[in-house]
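Enquirer: okay, here's the prediction I keep looking at, along with the sequence it came from:
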Amino acid sequence: MYDLSVYGHLTVDRIFEDFHEHRTLGAIGNFWEACLLTNHNLFINIQPTSIGEAIIYVNKENCTRQGRGVLNLKTRSIKSTESSKWNHIMYLNKIEDPSFINNLDGIISADLTSGNMNNLQFLSTIDYLFVSDEDMFMGLQELATKVKGWVILHSPHGSVCHNGKDSFKTKTEVVDNLNVLGAGDFFAAGFISHMLKTNDKIKECVSFAHKNTTKILLRRNNG
């Protein structure tokens, strides 16, 4: 049995900071890296459903990024799934054939990206849904009623978590002059890796995920 299976998008990112360009793997690439940096003992199964490309401009001065991508240049259907303690689905709303979700066992989490909100019928299977503030498309409480477990709405300033009945907030300090590209992927990976390692409650895992995301971003910014 795997500790963690990851499904969804693998992208090649062309990143511009001012006029300087470099390329790297994004989406699943970001998530996988953060998982290993957080808990290198995890036994991880990688199952891309789509391969795509993106071009991204990063403004470190105000800690923002803007991008445009074609996420589904190549796609495939997942015919069989592996037994895992945890399953994470990247960019649920962009997966062309999400029917494999019905075959997953263990805990199921997912995140969303900007654009059309497809596949929302699968929200009822999701134990933890990660959404960045810039990708939020309906009220938090309403979204929480559609999810099996918790919605974790995160931003550089902290997060708000809601399960349809209960909610709590976590505040963080914003770090200036930081390349925040991949922060959402790092956040989800940190939360999941920490919960798998410690079995801590959700509040402790959210707090850890914020601190761990900042740590990874600072490490990357410092080379």
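Expert: Looks like it came in fine.
Enquirer: in this protein, which spans are helices?
Expert: 28-38, 140-146, 183-198, 202-221 (DSSP state H).
Enquirer: out of these, which is the most enclosed?
Expert: Among those, ranked by average contacts under mean count of other CB atoms under 10 Å, first place goes to helix 183-198 (a mean of 24). In short, each C-beta sits where N, CA and C put it, glycine included.
Enquirer: next, the angle helix 183-198 makes with the worst-scoring helix or strand of the chain on mean pLDDT.
Expert: Averaged element by element with mean pLDDT, DSSP states H and E, the chain has its least confident helix or strand at strand 64-75 (a mean of 86). Inter-element angle recorded for strand 64-75 and helix 183-198: 80 degrees (by axes from the mean of the first three to the mean of the last three CA atoms, to 10 degrees).
Enquirer: sheet-wise, list the partners of strand 64-75 with their directions.
Expert: strand 44-59 (antiparallel) (DSSP bridges).
Enquirer: low-confidence ranges in the protein?
Expert: For the chain, applying pLDDT under 70 flags the ranges 62-63, 223.
Enquirer: and the closest residue to residue 74 other than its chain neighbours, how many neighbours?
Expert: What sits nearest to residue 74 in space, not counting adjacent residues and going by CB to CB, 6 or more residues apart in numbering, is residue 51, at 4.4 Å. Neighbourhood size, residue 51 [other CB atoms under 10 Å]: 17.
Enquirer: which residues touch residue 51?
Expert: Taking CB atoms under 8 Å, 6 or more residues apart in numbering, we find residue 51 in contact with 9, 10, 11, 73, 74, 75.
Enquirer: rewinding a little: could you list the residues in contact with the least confident helix or strand of the chain?
Expert: So strand 64-75 is in contact with 9, 11, 13, 27, 49-59, 91, 94, 96-97, 113, 179-181, going by CB under 8 Å, 6+ apart.
Enquirer: with just CA atoms, put it into PDB.
Expert: Once non-C-alpha atoms are left out, strand 64-75 reads as follows in PDB (Å, rounded to 0.1, in the frame of the first residue of the first chain):
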ATOM      1  CA  THR A  64       2.100  38.000  -6.900                       C
ATOM      2  CA  ARG A  65       2.100  35.900 -10.100                       C
ATOM      3  CA  GLN A  66       0.000  35.800 -13.200                       C
ATOM      4  CA  GLY A  67      -0.100  32.900 -15.700                       C
ATOM      5  CA  ARG A  68      -1.700  31.300 -18.600                       C
ATOM      6  CA  GLY A  69      -1.600  27.600 -19.400                       C
ATOM      7  CA  VAL A  70      -2.800  24.800 -21.600                       C
ATOM      8  CA  LEU A  71      -3.200  22.100 -19.000                       C
ATOM      9  CA  ASN A  72      -4.600  19.300 -21.100                       C
ATOM     10  CA  LEU A  73      -2.200  19.100 -24.100                       C
ATOM     11  CA  LYS A  74      -2.100  15.300 -23.500                       C
ATOM     12  CA  THR A  75      -4.600  13.400 -21.400                       C
END
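Enquirer: distance from the chain centre to that strand, please.
Expert: 15 Å (CA atoms, centre = their mean, to the nearest Å).
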